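J.: 3D, please:
(chains A and B)
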Amino acid sequence: MFDSLSDRLGTVFDRLRGRGALTEADVRGAMREVRIALLEADVALPVVRSFVEQVTELAVGQDVLRSVTPGQMVVKIVHDGLVEMLGSQSSELDIDVTPPAVVMMVGLQGSGKTTTTAKIAKRLKDKQGKRVLMASLDVNRPAAQEQLATLGAQIDVATLPIVAGQMPVDIAKRALQSAKLQAFDVVLLDTAGRLHVDQQLMDEMQAVARIATPTEMLLVVDSLAGQDAVQVAQNFSEQVALTGVVLTRMDGDARGGAALSMRAVTGKPIKFAGVGEKLDALEIFDPSRVAGRILGMGDVVSLVERAAETINQEDAEAMAAKMAKGQFDLNDLRMQLKQMAQMGGLGALAGMIPGMKKAQAAMAQGGVDDKMLVHMDAMIGSMTPKERAAPQIINAKRKIRIAKGSGTTVQSVNRLLKMHKDMATAMKKIRKMGGLKGLAGMLGKGGGGMGGLGGLLGGGGGMPQLPGGMDKFKK
Amino acid sequence: MSWTERLFGGLKRTSDRLGDNLSGVLTGQTRLEGATLDEIEDVLIMSDLGPAMAARIRDRLAETRFERGADIAAVKAVVADEIAAVLGPVADPLDIDAFPRPQVILVIGVNGSGKTTTIAKLAHYFQELDYGVMLAAGDTFRAAAIGQLRVWAERLGVPIVTGPEGGDAAGVVFDAVKQATATGIDVLIVDTAGRLQNKRELMDELAKIRRVLGKLNPEAPHDVVLVLDATNGQNALQQIATFKELAGVTGLIMTKLDGTARGGVLVAASEQYGLPIHAIGIGEGLEDLRPFDPRQLADAIAGNVE
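T.: Model (predicted):
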């Protein structure tokens, strides 16, 4: 199977590293690999061509700075090129109009429009306090309107009552009218999936756009999309005035080359990225971050952001205070485990940490998964409060009881206790080193769950560092 | 509009890529030259064959001698032949030959690949062949997925076994097999929730469904069909690899070939995994599932259409 784009570029630039000067032959050789890597990542061919051309030109003419290797220089140029291509900054939804602002979602079948509609609605409601109305104009797929209604109920957002047999244009009109009458701030119109070559449905989409006059027309694209994505983007942007793109299923292992293609073809910003099945799994698309991710710099920013959202500030402070005294008992460990589960589980976490791709693969192979978190929680749950506060009292007899109570084995209990001990020792060391201030700061920002991860991975070697030299290019 | 036209409809609209790219380059020599080969390779890449597979076909073409001179038609024919040769061995329609009945067909795939619609089409196909069909709504996760399958079951007039939304999929499947066995059903088609192949917990759930099926009938599931979206790119290979390993995929169905996507990734997949390709989907109607014809897809990719 393929290496991921970052691994691939890694091997390319490994070859370049450690050489004094950057010759044209060097660059051209590397660019061939970049081209293949991008194609395997499903970046559309025309986009690959122009990108490689541009970057080659830049790289060959470039003076190599004294402080970096030629390879690092090329990495930087490729990285900057990717960032530029992805759009140099993130942009929010434009709903600053006389209410109701209309947001219309379009795309192919199965690209994830309905789920994305609900995710955006939730985001607008939770983060911006907007009153949102969702309406499904999908009269083609069976139960599509019911799907949106169910999602609406889940996230507590109003949906337009379903009138059987009504056509999309009429549903849109009714949605606008209800929104005006009931003073909604934003109306989200979820449309039926359509093939870009199905002119009848494309006409219908234009008709809806004419009467709804949306301020945002978002094209929803599957990040698994292949070469054809260009064709799709072109056709849609020719027929309606797109204002942005939403990339779904970014939590998959697709390399997301579609992101590059979309930007190049539509010229519109990618506004959001769908990163999971849960309805809060929607992130602002951050081009520089994604470019960094493509180059294997990891996605630490996402990690910190998500941690900050899930970790209760008070809990974090309480823990920091305890650690300041050098205490770290099983209750604290349990809290950390809970936080990790909330942040999307081990796989999600490992995927975001730079250099952790290998650890992630090892975890999958070794059967380390989120069940482990559940088992650990069960073991701690089977302990008495006294045992949790003072783990050293846990003797063989108690271990047997805990194993039975939690449906695990004594070996598992031993592993858990060992892990706790290692972590407690680490905390003590940090305290001795006087690094407490930094640690507390980190906890406040929400790195609280991370101490446990290195321990969990066992032989994984703890927290890996940024790949050599890469950190120089972090913005 | 015939279904061949529909399959090629998108193709015509994107015009004949190979023809467009090659006109003017070909001079009627007996061997193809670098620039021509590059053009062909690019066209293959744009059809999602992937850079590795495209390079391999390019190499084969480089060795081909055109006795009567290479014109566009001849080049297209050779490209189509090369692709058809790879795809030929894997075309294999789904047969109902399980004994004892029912034959259990588990349908899996990533979210939005078209599983539920494909199940409806499959049910229709088997109905036409006079088999008794039953559906099992194993997608208990996505909102209204059960409703979607129920609507199809009503339209088709086939029995359906459902459970509560958010319930245990394996439980629904267990009930369905019991009912199907009791009522003498020939084919039981099981819908499952869409899942990205890198989500371990969800893949474990598939393994559980398989285990539960195996308890009632050691042979079941007889078929594990992976539904692939033609608009997906090279990640489809990753999907096949992972689903094959963790869910024991026995065959493929590719959907959404009525757009401009050519599904070229099937060529790479055939060479790499050799899994049978059962059928292709070319539209949203019940009739829009077709047996997979390697020659046709090869012609479509090569632009070898009259």
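
J.: Pairing partners for the one helix or strand B:Ile253 maps to, with directions?
T.: Assigned by DSSP states H and E, B:Ile253 falls within strand B:251-255. Strand pairing for strand B:251-255, using DSSP bridges, gives strand B:223-229 (parallel), strand B:277-281 (parallel).

J.: Name the residue of the stretch 151-300 of chain B that lies nearest to chain A.
T.: Nearest residue of the stretch 151-300 of chain B to chain A: B:Gly233, at 2.5 Å (Cβ to the nearest Cβ). All C-beta atoms are positioned from the backbone trio N, CA, C, and that covers glycine.

J.: quick one: contacts for the nearest residue in space to that residue that is not next to it in sequence?
T.: Excluding the flanking residues, the one nearest B:Gly233 by Cβ to Cβ, 6 or more residues apart in numbering or on different chains is A:Gly226, at 2.5 Å. Counting by Cβ atoms under 8 Å, 6 or more residues apart in numbering or on different chains, A:Gly226 makes contact with A:42, B:48, B:231-236, B:261, B:265.

J.: Could you dump those residues into CSV with pLDDT and distance to B:Val78 added?
T.: Converted to CSV, those look like this (pLDDT from 0 to 100; distance: Cβ to Cβ, whole Å):
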residue, pLDDT, distance to B:Val78
A:Asp42, 84, 27
B:Asp48, 88, 20
B:Thr231, 88, 27
B:Asn232, 89, 28
B:Gly233, 86, 25
B:Gln234, 86, 25
B:Asn235, 86, 29
B:Ala236, 91, 26
B:Ala261, 82, 23
B:Val265, 91, 21
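
J.: Secondary structure element holding A:Glu146?
T.: Per DSSP H and E: A:Glu146 is located in helix A:144-155.

J.: can you list contacts of the following helix or strand past that helix?
T.: Next helix or strand after helix A:144-155 toward the C-terminus (DSSP H and E): strand A:158-159. Applying Cβ under 8 Å, 6+ apart, the contact partners of strand A:158-159 are A:131-136, A:148-149, A:152-153, A:182, A:184.

J.: which of these lies closest to A:Lys125?
T.: A:Val132 (5.4 Å; Cβ to Cβ).

J.: Number of residues surrounding that closest one?
T.: 29 (other Cβ atoms under 10 Å in any protein chain shown).

J.: now B:Arg101
T.: Using other Cβ under 10 Å, B:Arg101 has 18 other residues around it.

J.: check contacts around the closest residue to it other than its chain neighbours.
T.: Excluding the flanking residues, the one nearest B:Arg101 by Cβ to Cβ, 6+ apart is B:Asp186, at 5.4 Å. By Cβ under 8 Å, 6+ apart, the residues touching B:Asp186 are B:96, B:101-103, B:126, B:131-133.

J.: Next, the closest residue to chain B within the stretch 51-200 of chain A: phi, psi?
T.: The minimum distance from the stretch 51-200 of chain A to chain B, using Cβ to the nearest Cβ, falls at A:Gly110 (2.9 Å). Phi and psi for A:Gly110, reported as degrees, to the nearest 10, are phi 70, psi 10.

J.: For it, which non-adjacent residue is closest in space?
T.: Closest residue in space to A:Gly110, ignoring its immediate chain neighbours: B:Gly112 at 2.9 Å, by Cβ to Cβ, 6+ apart.

J.: Tell me who's in contact with the one you found.
T.: Going by Cβ under 8 Å, 6+ apart, B:Gly112 touches A:109-112, A:222, B:194, B:229.

J.: Helix or strand for it, just tell me which one.
T.: Under the criterion DSSP H and E, no helix or strand holds B:Gly112.

J.: ok, now B:Val212?
T.: Using DSSP H and E, B:Val212 sits within helix B:200-216.

J.: Quick one: mean pLDDT over that helix.
T.: The average pLDDT within helix B:200-216 is 87.

J.: Now that helix: buried residues?
T.: Within helix B:200-216, the residues scored as buried using 16 or more other Cβ atoms under 10 Å in any protein chain shown are B:200, B:202-203, B:205-206, B:209-210, B:212-213, B:216.

J.: Near chain A, list only the ones from the residues you listed.
T.: B:Arg200 (Cβ under 8 Å from any Cβ of the partner chain).

J.: ok, and what's touching the strand holding B:Ile253?
T.: With Cβ under 8 Å, 6+ apart as the test, strand B:251-255 has contacts from B:92, B:94, B:113-114, B:117-118, B:223-230, B:240, B:263, B:266, B:269, B:275-281, B:289, B:292.

J.: Next, count neighbours for the closest residue to A:Ile380 other than its chain neighbours.
T.: Spatial nearest neighbour of A:Ile380, chain neighbours left out: A:Arg334 (4.6 Å); criterion: Cβ to Cβ, 6+ apart. By other Cβ under 10 Å, 18 other residues sit near A:Arg334.

J.: Can you verify A:Arg334 is assigned to a helix?
T.: Yes - A:Arg334 forms part of a helix when assessed by DSSP: H, G, I helix; E, B strand; the rest coil.

J.: check contacts around it.
T.: Counted by Cβ under 8 Å, 6+ apart, A:Arg334 has contacts A:376-377, A:380-381, A:388.

J.: ok, it to A:Leu373 distance?
T.: Going from A:Arg334 to A:Leu373 by Cβ to Cβ, to the nearest Å gives 10 Å.

J.: re the thing from before, can you name the element that comes right after the strand holding B:Ile253?
T.: According to DSSP H and E, the helix or strand after strand B:251-255 is helix B:265-273.

J.: for that following helix, packing partners?
T.: Counting contacts by 3 or more Cβ pairs under 8 Å, 6 or more residues apart in numbering or on different chains; DSSP states H and E, helix B:265-273 is packed against helix B:51-63, helix B:72-87, helix B:235-247, strand B:251-255.

J.: Taking helix B:235-247 as reference, get the angle to the helix or strand A:Val221 falls within.
T.: Element membership for A:Val221, per DSSP H and E: strand A:216-222. Here strand A:216-222 runs at an angle of 50 degrees relative to helix B:235-247 (axes from the mean of the first three to the mean of the last three Cα atoms, to 10 degrees).

J.: what does whichever helix or strand comes after strand A:216-222 contact?
T.: Towards the C-terminus, the helix or strand next in line after strand A:216-222, according to DSSP H and E, is helix A:229-239. With Cβ under 8 Å, 6+ apart as the test, helix A:229-239 has contacts from A:42, A:44, A:46-47, A:106-108, A:196-197, A:202, A:205-206, A:219, A:221, A:225, A:242, A:245, A:258, A:261-262, A:265-266, A:268, B:14, B:231, B:233, B:259-261.

J.: Narrow those to those that are buried.
T.: Looks like those have A:42, A:44, A:47, A:106-108, A:196-197, A:202, A:205, A:219, A:221, A:225, A:242, A:245, A:258, A:261-262, A:265-266, A:268, B:14, B:231, B:233, B:259-261 buried, using 16+ other Cβ under 10 Å.

J.: Select from the residues you listed every entry located in helices.
T.: Counting by DSSP state H, the part of the buried ones among the contacts of helix A:229-239 found in helices is A:47, A:202, A:205, A:258, A:261-262, A:265-266.

J.: now those residues in CSV, with distance to chain B?
T.: Below are these laid out as CSV (distance: Cβ to the nearest Cβ, whole Å):
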residue, distance to chain B
A:Val47, 11
A:Met202, 12
A:Met205, 15
A:Ala258, 8
A:Ser261, 10
A:Met262, 13
A:Val265, 14
A:Thr266, 16
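
J.: okay, the residues you listed in a markdown table with pLDDT next?
T.: What follows is those, written out as a markdown table (pLDDT from 0 to 100):
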| residue | pLDDT |
| --- | --- |
| A:Val47 | 89 |
| A:Met202 | 91 |
| A:Met205 | 93 |
| A:Ala258 | 85 |
| A:Ser261 | 88 |
| A:Met262 | 88 |
| A:Val265 | 88 |
| A:Thr266 | 89 |
